[in-house]
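# Structure, please.
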Amino acid sequence: MWPGVFTWVVLALALAGCGGESLEAQAAAAEAEGEFTKAIGLWEPLAAEGDVQAIMEIAALYEAGPPAVQDFAKAAETYRQAADLGVPSAMVGLGMLYENAQGVARDMDQALALYTQA
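The predicted structure is shown next:
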């Protein structure tokens, strides 16, 4: 009888974990609710796996988010990660940071190279 009960408990716990929202949905909900730090924390594991949407969401929050999360240097670093994956919008975003000296030193040659590559 014990093995049967144990099996059912493990199965119930596994199914309970599968019924929740995806990390993407949780992160989007956190953004919609204005919980930007939480949203970044939810996007980060996906970004670490190379999820381009997650990387771009983080970059956008660091670039244009409220003062509590705005960090142009982190935005540049995150856009660079996506640009290295070949994402044209990341190249443009990073180029704009170089053009406007936000989080990186002004470098019009680098900005132009990124715009051209995009």
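# For residue 59, which three-state class applies?
Here residue 59 takes the helix state, with states given by DSSP: H, G, I helix; E, B strand; the rest coil.
# ditto for residue 62
Under the three-state scheme (three-state DSSP), residue 62 adopts helix.
# Run through who's touching stretch 63-73.
Stretch 63-73 has contacts (Cβ atoms under 8 Å, 6 or more residues apart in numbering) with 34, 36-37, 40, 61-62, 75, 79, 93, 97, 102-104. C-beta here means a position set from N, CA and C on the backbone, and glycine is covered the same way.
# Just the buried residues of that stretch, please?
Of the residues in stretch 63-73, 63, 65, 69-72 count as buried by neighbour count, 16 or more other Cβ atoms under 10 Å.
# How about stretch 46-59?
Under 16+ other Cβ under 10 Å, the buried positions of stretch 46-59 are 46-47, 52, 54-59.
# Between the two ends of it, how far is it?
Using Cα to Cα, to the nearest Å, the end-to-end distance of stretch 46-59 comes out at 13 Å.
# what does it contact?
For stretch 46-59, contacts defined as Cβ under 8 Å, 6+ apart pick out 23-24, 27, 31, 39-40, 43-44, 75, 78-79, 81-82, 85, 87, 89-90, 93.
# One more pass at 10 Å, please.
Residues from elsewhere that reach stretch 46-59 (Cβ atoms under 10 Å, 6 or more residues apart in numbering): 22-24, 27-28, 31, 39-45, 65, 69, 74-87, 89-90, 93-94, 97.
# Let's see stretch 80-91 as PDB, backbone CA atoms only.
The C-alpha coordinates for stretch 80-91 follow below in PDB (Å, rounded to 0.1, in the frame of the first residue of the first chain):
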ATOM      1  CA  ARG A  80      25.100  43.200 -27.000                       C
ATOM      2  CA  GLN A  81      24.100  39.700 -25.900                       C
ATOM      3  CA  ALA A  82      21.100  39.800 -28.300                       C
ATOM      4  CA  ALA A  83      23.100  41.500 -31.100                       C
ATOM      5  CA  ASP A  84      25.600  38.700 -30.900                       C
ATOM      6  CA  LEU A  85      22.700  36.400 -31.600                       C
ATOM      7  CA  GLY A  86      21.900  38.300 -34.700                       C
ATOM      8  CA  VAL A  87      18.900  40.300 -33.500                       C
ATOM      9  CA  PRO A  88      18.500  43.400 -35.700                       C
ATOM     10  CA  SER A  89      16.500  45.400 -33.200                       C
ATOM     11  CA  ALA A  90      19.200  44.700 -30.500                       C
ATOM     12  CA  MET A  91      21.800  46.100 -32.900                       C
END
